[in-house]
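Student: sequence first, then the predicted structure, then my questions.
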Amino acid sequence: MVLLSAAIAVYALVPLGYVVTETISAGWDTVTTLIFRPRVGELLGNTIALVLISVPLCVLLGVAGAWLVERTSLRGHKAWALLLAAPLAIPAFVNSYAWVSAIPSLAGIFSGVLISTLSYFPLVYIPVAATLSRLDPALEQSAASLGLGPWHRFFRVVLPQLRLAITGGALLVSLHLLSEYGAFAMIRFDTFTTAIYEQFQSTFNGAAANMLASVLVFFCLLLLLAESRTRGNVRYARVGSGAQARATRLALRHFQWPAQLFLAALTLLAFGLPLYFVARWIVQGGASIWQRAELLPALLQTLGYGVSGALATTLLAFPLAVLAVRYSGWLSRVLEGANYISSSMPGIVVALAFVTLSVHWLPTIYQTAFLLVAAYVLLFMPRSLVNLRAGLAQAPVQLEEAARALGKPPLLAFLRVTLPLTAPAAAGGAALVFLGVVNELTATLLLSPNGTNTLATEFWALSSEIDYAGAAPYALLMIALSAPMAYLLFSQSKKAAGQ
Amino acid sequence: MVKLRLKSTATLAIALTTTLVLSACGGASNSAASGSDSDGIVVYNAQHEELTKAWADAFTKETGIKVTLRSGDDSALSNQLIQEGKNSPADVFLTENSPAMTQVEKAGLFADVNQDTVAQVPEAYRPSTNKWTGIAARSTVFAYNKNKISADQLPKSIMDLATDQWKGRWGASPSGADFQAIVSAMLELKGKDATSAWLRSMKSNSKAYKGNSTAMKAVNSGEIDGAIIYHYYYFGDQAKTGENSKNVSLEYFKNQDPGAFVSLSGGGVLSSSKHQKQAQEFLKFITGKTGQGILQTGTSFEYPVASDVAANTKLTPLNELDAPQVDPAKLNSQQVTDLMTQAGLL
Amino acid sequence: MSAEIAASTDRHLEIAGATKAFGSTEVLKGVDLAVAKGGTTAIVGPSGSGKTTLLRIIAGFEAPDQGSVSLKNSVVADAETWVPAHRRQVGYVAQDGALFPHLTVAQNVAFGLNRRGKAAGARVKELLEMVSMDYAYAKRHPHELSGGQQQRVALARALAREPELMLLDEPFSALDAGLRTATRRAVAKTLAATGVTTILVTHDQAEALSFADQVAVMRDGRLAQIGNPFVVYTRPADRATAEFLGDAVILDAWLEGSLALCSLGGIPVRRPPAQGRVQLMLRPEQIRIAEGGPIRGRVVETDYFGPETTVRIQLDPLPIDPAKPVDPHQPKGGEIIAIRHWNAMLARPGNELALRVVGEGVAFPYQ
């Protein structure tokens, strides 16, 4: 098992290794001419500005939403809690498509900020809301008894405890911003990822694409470092076994309507607008848009890749999770680190690495479903791993030992005790991987076998030809597949908080 | 107890069958994709998917030979073919523009085009080497918003767009192979320095769109006054709803201007193909009466180049466009990409 | 030779020279232990002493680095042999019971059974009765049971396969005080009824002394002492063992022959380890308040506990015999000791008391 895990970890570092070797083998001259040029500066400016503006906005919206829903007398807070997580069901590039339908001239940095903020703020909202709902109100009550007013309590007691949730969410948002292609390409906003894809269109895997990838990877690693620095050594507090007092909700009084208005506007822009425009195109397109011969194969292939990606990822994540939970040592730390790094690699970099490596060294798997699923495994492993770890924590090794003492060989003990106990968490992780595969665009475009189209790539092909009506059924199907997964993520986060 | 055992057995069974079914699916799609164990052919297709699908469907109907498409852009696919080399699963390569064909030809990856096919295509629309052939043609145009500029305000040459007068007023899709083909013609006609200078001013003068359709849509909405695109985007949209082109008019530069460049779409058979016969047949089919007829009557609005098929009557005939004479073999895509990368357009 | 073989035939478990290290931490440093068939052994020691690791090695969850483990005279673990846990016929009850949360009580108990259907149901009922659990609980899930009930179900589950050796890993430590004693009694009774050889690991010396007929004191990866509860309590092998097993009064003493001279007078010592200066250990209950006598002390402080009072007494300095020359190393005495007494009225701070000692003391070499 250790060997298998080590193999998986080495595998996880393939894209990083690819970028590093390409950069080194390109030679210093090529590197300098391709990296230190105005275009890279421009992309750098765009990317940095995007991260610097969108991430704080996402944090602001996410924390404000979570706080309103969890800690105030907001009317209908249960419905709002779900609605604020709903934008997760809309892939960012579908969101972009809807906004371009609404305002065709949308372009540039502020459109990028608008769309990415609306698409990604739930990534902050969900963990913060989950943590808030689990936070022991006794702390706030003690603070109140020490004479702190509501605002001071929020900033001095509550906010510091949300730090992990906020930095974690912010990291996720940043990584999404760095790796998003479709949403930004549609509004003519150039980031490293869109530029790499353009280079790919012109040169397949030319040196310029690789150099841009190395800068992008450098950025991702920088973000990881920054996040682990701010996270520090803080640990989640263990939730006591005793019943926890309910938090008192702050009375909103005359802020009730402004709060309702704010949430309504946010939900309308992030969720209502995309839904409306997808629906509008579907109505305009009429019956003919459903008669495309590619629609059904695309749906089936998406489902096939989604399911096999989810299964393969979950199966391979199992030994890693077991190792991480049950044997803490340098090895499991290294494994986890490797996985952490690979999770930050944008799909375009992973795809570029896989295309190049397979075409030269492994022609037998080149352009096969196997290679694409292998890329999915690498891209979405952390989603599965995080869930499995939480699940395994619910199935302590003592239970398996008890089964062995009752005469069950180790494998049977695992199958009859640990597996059923971990199953819900594994299913949750698998659902998230499925969600990722359904909405994946860049790696699928580069790696898919001949004749393969998924909902995402078909949607992309049609919307690139500005056949917005033709693309609408694909958007609708993606939303329909994503919605249950987003709901699952939302409900799981409530349970997993505190672990 | 019994129930419990049943339950766990069922779970295992479900897991196992799912895995089996999936691996079976994977195997099936693999073999279909590689096309090696059937008589079907794999076409690396940079042409508009709709057009190639129309060709492929008609071809399959006539011959029974299945066609699997891998779609992409000219240069991505040509570079991909070069990297794949002898291992390439591709049998046929179709492009929108000729530079990518030339690139693959230089890499020595094409087989000779069959004499039957060569005989169907006039000399002007194929390279002298006969390693590939023209399959269709398209003309560069300046698409402008007729509500914003009048005919006398139009640029006389594509080179005029580099002047300050046009700053911020025009657009193109520089990452696309179409535009890069136009630049390669400019490079051939005007030389490296002039082209490089033009590209640099383009970086500051123009707006970059992803795709010609999007650029035309921006012209239509008045976001920009004009765009360098190919002619058929306009006619294609007009034939549908006209929603993205109702305010658009086309200007042909003529006068053998680089901006009057007529780009040749190419097709060739890979020498590594294990289905030489079927692949050659496909090439012959699309340059034949039926294949070229699809260009005449279909919705692609590209110019037919072979088998004496006339263009769609809505189009200005090819011989009236006064296009510059450019030898397709001399168009250099690599240098174009380098120049555009240097200019910061890529 | 023949005597040794005869002695080993009724040995159920034998561990010889077992060592175990986790990374650079040596957890077991060479442990030898023999447990007789049908006996009850408590392995007791402070946390980190290696007792749980020893139990896990017996169960087959860990392999010893060196040494061997034999069950009923056949080796189950040494350098060549390894019998995994599920083939050792050993019952095991974990600290928190380790009931499978996804199964009901009945399913938990039936987990190790090879029977199915009605036969299994009858056996489950029988087992639940054995641990005094009502059959009505059979359909419940573990989280619907109290801690004591969970432990009893865990025991029933472990008994289901009729193991010949039962291992209990601190099974009562998670229970609160009242429940703990009751559960311990119930478990002890059940185990005694089945006649299974039992090994209990605990850090609670009272539990070890009351539960087992053999106590093995473990400290720092070694067995410090093995013997019956009375012997290890009254005659501990060293000071640390003495203090671990219960309250101890330690006095500086001067040993001559088998008589130790200290602040409490001359105390007989069995098997003196040395002569001259030693440390003398007495259990507080050996020191009684007397009507009168030469040994005197003054009450410094008292702690009232209801049935008993802890009395801290400042002893008078050592009465030195003028007939003998004073050795420079001879202790001066005058320590403060703590004893217990039932009568709080007798022991008021400042009171002068006469004391006497019952029984023998244990002497340890002076450190």
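Tutor: That came through fine. In this text the structure is predicted, and so the values were computed from the model without any measurement.
Student: next, count neighbours for residue 30.
Tutor: Assuming you mean chain A. Per other C-beta atoms under 10 Å in any protein chain shown, the neighbour tally for A:T30 reads 15. C-beta here means a position set from N, CA and C on the backbone, and glycine is covered the same way.
Student: my bad, chain C
Tutor: So C:G30, with other C-beta under 10 Å, has 14 neighbours.
Student: does it lie in a helix or a strand, and which?
Tutor: strand C:25-36 (DSSP states H and E).
Student: parallel or antiparallel, which strands does the helix or strand just after that strand pair with?
Tutor: Moving toward the C-terminus from strand C:25-36, the next helix or strand (DSSP H and E) is strand C:40-44. Paired strands of strand C:40-44, with direction, are strand C:197-202 (parallel), strand C:214-219 (parallel) (DSSP bridges).
Student: run through who's touching the first one.
Tutor: Under the criterion C-beta atoms under 8 Å, 6 or more residues apart in numbering or on different chains, residues C:12-13, C:35-44, C:51-52, C:54-55, C:58, C:164-173, C:191, C:207-208, C:211-212 lie in contact with strand C:197-202.
Student: again, only using 7 Å
Tutor: Contact with strand C:197-202 is made by C:12, C:35, C:37-44, C:51-52, C:55, C:58, C:164-170, C:191, C:208, C:211-212, as judged by C-beta atoms under 7 Å, 6 or more residues apart in numbering or on different chains.
Student: likewise for the last one?
Tutor: Contacts with strand C:214-219, where a contact means C-beta under 7 Å, 6+ apart, come from C:33, C:39, C:41-46, C:49-51, C:208-209, C:223-229, C:232, C:240-241, C:244-245.
Student: next, the angle from that strand to strand C:25-36.
Tutor: Relative orientation of strand C:214-219 and strand C:25-36, computed by axes from the mean of the first three to the mean of the last three C-alpha atoms, to 10 degrees: 170 degrees.
Student: report the mean confidence score over strand C:214-219.
Tutor: Strand C:214-219 shows a mean pLDDT of 93.
Student: now for the helix or strand just after it, which elements pack on it?
Tutor: Next helix or strand after strand C:214-219 toward the C-terminus (DSSP H and E): strand C:222-227. Packing partners of strand C:222-227 (3 or more C-beta pairs under 7 Å, 6 or more residues apart in numbering or on different chains; DSSP states H and E): strand C:25-36, strand C:214-219.
Student: again, only using 6 Å
Tutor: Packing partners of strand C:222-227 (3 or more C-beta pairs under 6 Å, 6 or more residues apart in numbering or on different chains; DSSP states H and E): strand C:214-219.
Student: so which bits of the strand it packs on are buried?
Tutor: Along strand C:214-219, these residues count as buried under the neighbour rule (16 or more other C-beta atoms under 10 Å in any protein chain shown): C:Q214, C:V215, C:A216, C:V217, C:M218, C:R219.
Student: for these, which one is nearest B:E251?
Tutor: C:M218 (96.0 Å; C-beta to C-beta).
Student: report the beta-bridge partners for that closest one.
Tutor: C:L223.
Student: looking at the chain, which helix is longest?
Tutor: Answering for chain A, as no chain was given. helix A:38-71 (DSSP state H).
Student: the intended chain is chain C.
Tutor: helix C:177-194.
Student: using CSV, write out the CA atom coordinates for that one.
Tutor: Output of helix C:177-194 as CSV, limited to C-alpha atoms (Å, rounded to 0.1, in the frame of the first residue of the first chain):
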residue,chain,number,x,y,z
ALA,C,177,-16.7,5.9,38.7
GLY,C,178,-19.9,4.2,39.9
LEU,C,179,-20.6,2.5,36.6
ARG,C,180,-17.0,1.4,36.4
THR,C,181,-17.0,-0.7,39.5
ALA,C,182,-20.4,-2.3,38.6
THR,C,183,-19.3,-3.1,35.1
ARG,C,184,-16.0,-4.4,36.3
ARG,C,185,-17.7,-6.8,38.7
ALA,C,186,-20.2,-7.9,36.0
VAL,C,187,-17.4,-8.6,33.5
ALA,C,188,-15.3,-10.4,36.1
LYS,C,189,-18.2,-12.6,37.0
THR,C,190,-19.0,-13.4,33.4
LEU,C,191,-15.4,-14.2,32.6
ALA,C,192,-15.0,-16.4,35.7
ALA,C,193,-18.1,-18.3,34.8
THR,C,194,-16.8,-19.1,31.3
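Student: so which elements touch that helix?
Tutor: Using 3+ C-beta pairs under 6 Å, 6+ apart, helix C:177-194 is in contact with helix C:147-159.
Student: and the helix it packs on, what's its mean pLDDT?
Tutor: Regarding helix C:147-159, the rounded mean pLDDT is 89.
Student: next one: stretch A:369-386
Tutor: Mean predicted lDDT for stretch A:369-386 stands at 88.
Student: and it, does that touch chain B?
Tutor: Yes. Using C-beta under 6 Å from any C-beta of the partner chain, stretch A:369-386 comes into contact with chain B via A:A369.
Student: report the beta-bridge partner residues of B:Y303.
Tutor: B:A137.
Student: ok, C:A136 - how many residues close by?
Tutor: Other residues close to C:A136 by other C-beta under 10 Å number 9.
Student: tell me the confidence at it?
Tutor: For C:A136, the pLDDT comes out at 90.
Student: now swap in A:K408 and tell me
Tutor: 87.
Student: can you report phi and psi for it?
Tutor: When read as degrees, to the nearest 10, the backbone of A:K408 gives phi -100, psi 130.
Student: does the residue positioned nearest the centre of chain B sit in a helix, a strand or a coil?
Tutor: Nearest residue to the geometric centre of chain B (C-alpha atoms, centre = their mean): B:E96, 2.5 Å. Under DSSP: H, G, I helix; E, B strand; the rest coil, the three-state class of B:E96 is coil.
Student: again with B:I228
Tutor: Going by three-state DSSP: B:I228 is strand.
Student: run a quick neighbour tally on it.
Tutor: By other C-beta under 10 Å, neighbour count at B:I228 equals 26.
Student: please apply the same query to C:R161.
Tutor: 17.
Student: ok, it - contacts?
Tutor: C:R161 sits next to A:G407, C:G112 when contact means C-beta atoms under 6 Å, 6 or more residues apart in numbering or on different chains.
Student: now C:V27
Tutor: C:K20, C:G50, C:T53, C:G221.
Student: export stretch C:66-75 as CSV, just CAs?
Tutor: Extracted in CSV, the C-alpha atoms of stretch C:66-75 (Å, rounded to 0.1, in the frame of the first residue of the first chain):
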residue,chain,number,x,y,z
GLN,C,66,12.5,-9.7,18.8
GLY,C,67,11.4,-12.5,21.1
SER,C,68,8.5,-14.8,20.8
VAL,C,69,4.9,-15.2,21.7
SER,C,70,3.4,-18.6,22.3
LEU,C,71,-0.2,-19.6,22.9
LYS,C,72,-0.9,-23.0,24.4
ASN,C,73,2.7,-24.0,23.8
SER,C,74,2.7,-23.2,20.1
VAL,C,75,4.6,-20.2,18.8
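Student: give me the residue from the stretch 151-300 of chain C nearest chain B.
Tutor: C:A160 (12.1 Å; C-beta to the nearest C-beta).
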